[in-house]
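Student: A predicted structure for the sequence below; I have some questions about it.
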Amino acid sequence: MMDIELNSDSVGDPTRFVTLLELERGLANLHPQPRAAGRVVLIVRRLLAGAREVLNEIVLSPDLGVPGDSWGRQREKLLDAQIAVVQADIAKLIANGQSLALFGDSLFLDIDLSNENLPPSSRLQVGEAVLEISPLPHNGCLKFKARFGQDALRFVSMQPYRHLNLRGIYMRVTSAGVIRTGDPVRVLSRNQMDDT
């Protein structure tokens with residue numbers, strides 16, 4: 001477990017901001033992510049005042065999500081936004097050497113998070129826990145812009161890329177369990193989207 005010197009007001013290093021063209025080139029050069037089985041790369045908990053704690057393991061729960069995370073301290077908890085998840089290779093591309101904890105997401109996974117691969121209501125086994133994909137879109141915001149730049153915000157918001165969920169997705173815990181860095185991630189079921 002390691003505390004990261006970040007908080008809700010933290011901004012990024014402008015010398016690390018990547019241009020839209022560089023982000024698009026980087027995306028085109030990424031290796032395809034696993035579609036059925038991947039792994040947990042990083043677990044982050046958002047503490048009071050937005051401080052970050054990088055964890056080696058945690059017990060996820062349907063009631064608390066990531067125990068101690070800011071989601072659990074909200075007065076009105078939106079279950080569809082219980083756990084923010086991002087694809088690790090995309091996060092590394094955008095961060096460009098900055099701490100991944102700057103994102104504010106709880107889980108960084110090596111698995112394809114696109115709508116085609118994991119439509120809403122699909123279920124994943126993450127370590128010992130089972131998580132379900134939320135239909136709620138995970139959008140970039142002003143904090144994201146301050147941390148990674150205008151071009152990064154534009155990149156994750158552009159219509160041609162929306163189906164890739166470059167900013168990430170939300171999940172909720174349906175079955176409690178321990179997850180650890182390096183644990184396997186496995187698709188249990190995919191919701192079949194209605195094409196009619």
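Tutor: Structure's in. What do you need?

Student: A strand includes residue 71, no?
Tutor: No: read with DSSP: H, G, I helix; E, B strand; the rest coil, residue 71 is helix and lies in no strand.

Student: Quick check, it in contact with residue 65.
Tutor: Yes: contact status for residue 71 versus residue 65: in contact at 5.1 Å, counting by Cβ atoms under 8 Å. C-beta here means a position set from N, CA and C on the backbone, and glycine is covered the same way.

Student: which residues are in contact with both of these two?
Tutor: Shared contacts of residue 71 and residue 65, defined by Cβ atoms under 8 Å, 6 or more residues apart in numbering, comprise 82, 83.

Student: which one of these two has more residues nearby?
Tutor: residue 65 (25 against 20; other Cβ atoms under 10 Å).

Student: Next, find the distance separating the more buried one from residue 56.
Tutor: 18 Å (Cβ to Cβ, to the nearest Å).

Student: and what of residue 48?
Tutor: When residue 48 is compared with residue 56 (using Cβ to Cβ), they lie 21 Å apart.

Student: And stretch 40-49, what's buried?
Tutor: By 16 or more other Cβ atoms under 10 Å, the buried positions in stretch 40-49 come out as 40, 41, 42, 43, 44, 45, 46, 47.

Student: give me every residue that touches residue 81.
Tutor: Contacts of residue 81 by Cβ under 8 Å, 6+ apart are 71, 134, 136, 170.

Student: Go again with 6 Å.
Tutor: Taking Cβ atoms under 6 Å, 6 or more residues apart in numbering, we find residue 81 in contact with 136, 170.

Student: Next, find the distance separating it from residue 172.
Tutor: Distance of residue 81 to residue 172, given as Cβ to Cβ: 8 Å.

Student: hey, what's in contact with both of the two?
Tutor: Joint contacts of residue 81 and residue 172 (Cβ under 6 Å, 6+ apart) do not exist.

Student: Helices of the protein, residue ranges please.
Tutor: 20-29, 88-95, 142-148, 150-157 (DSSP state H).

Student: Pipe those helices into TSV and attach mean pLDDT, distance to residue 188 and mean neighbour count per row.
Tutor: Formatted as TSV, the helices of the chain follow (pLDDT from 0 to 100; distance: least, Cβ to Cβ, whole Å; neighbours: other Cβ atoms under 10 Å):
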stretch	mean pLDDT	distance to residue 188	mean neighbour count
helix 20-29	96	28	14
helix 88-95	98	20	22
helix 142-148	90	30	19
helix 150-157	95	27	19
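
Student: Ranking helices and strands of the chain by mean pLDDT, which lands last?
Tutor: Least confident helix or strand of the chain, by mean pLDDT, DSSP states H and E, is strand 2-4 with a mean of 53.
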